[in-house]
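> predicted model and sequence below, questions to follow.
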Amino acid sequence: LRTFVCIRTNRSAFMAPEDHRFVCAGPDGVVGDFKASDIHDACSIYSGQEFLLVQSVQKRAMVKEVAEIVFENDAPVLAWYPTSQRIRRIVEDRAFTVRGSFG
């Protein structure tokens with residue numbers, strides 16, 4: 001059983017384990033890597049193009065398999081959930097800029 005965090009903006013939503021990192025700006029405007037569990041509705045998530053205000057955050061305990069992908073030099077990547085079964089095009093402004101988990 002693991003805790004997952006669902007983060008929503010006005011354009012998209014993303015669910016990740018609580019220790020997964022997102023590129024965010026805190027309420028004070030300082031940009032950094034935030035654990036999913038530390039994000040709240042006064043933060044803004046970087047979409048790769050702009051910072052989007054977090055509209056809601058929900059935590060859920062569930063059983064899910066997670067594959068941790070590691071990039072050279074801990075590079076950030078754009079990630080998103082497809083909006084349908086069939087992906088017709090990549091919608092970049094729905095992305096979240098993520099890294100791996102802390103640790």
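That came through, no problem. These figures come from a predicted structure and were not determined experimentally.

> what helices or strands is the helix or strand of the chain with the lowest mean pLDDT leaning on?
The weakest-scoring helix or strand in the chain, judged by mean pLDDT, DSSP states H and E, is strand 96-101 (a mean of 80). When contacts are defined as 3 or more Cβ pairs under 8 Å, 6 or more residues apart in numbering; DSSP states H and E, strand 96-101 packs onto strand 13-17, strand 20-25, strand 44-46, strand 77-79. Every C-beta, even on glycine, is put in place using the N, C-alpha and C of the backbone.

> ok, now which ones touch the closest residue to residue 94 other than its chain neighbours?
If the residues on either side of it in the chain are set aside, residue 94 comes closest to residue 12, at 3.9 Å by Cβ to Cβ, 6 or more residues apart in numbering. Contact analysis of residue 12 by Cβ atoms under 8 Å, 6 or more residues apart in numbering lists 47, 52, 80, 81, 94, 95, 96.

> can you check residue 11 too?
Contacts were defined as Cβ under 8 Å, 6+ apart; by that measure residue 11 touches 47, 52, 93, 94.

> what's near enough to touch residue 18?
Residues in contact with residue 18 (Cβ under 8 Å, 6+ apart) are 2, 3, 4, 5, 35, 36, 37, 59.

> again, but for residue 42
With Cβ under 8 Å, 6+ apart, residue 42 has these contacts: 26, 27, 54.

> check it and give its pLDDT.
In this model, residue 42 is scored at 94, pLDDT.

> please export the C-alpha coordinates of the least confident helix or strand of the chain as CSV.
Only the C-alpha atoms of strand 96-101 are listed here, as CSV (Å, rounded to 0.1, in the frame of the first residue of the first chain):
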residue,chain,number,x,y,z
PHE,A,96,3.8,18.5,-15.8
THR,A,97,7.6,18.9,-15.4
VAL,A,98,8.8,16.0,-13.2
ARG,A,99,11.9,14.3,-12.0
GLY,A,100,12.3,11.0,-10.1
SER,A,101,11.6,10.4,-6.4
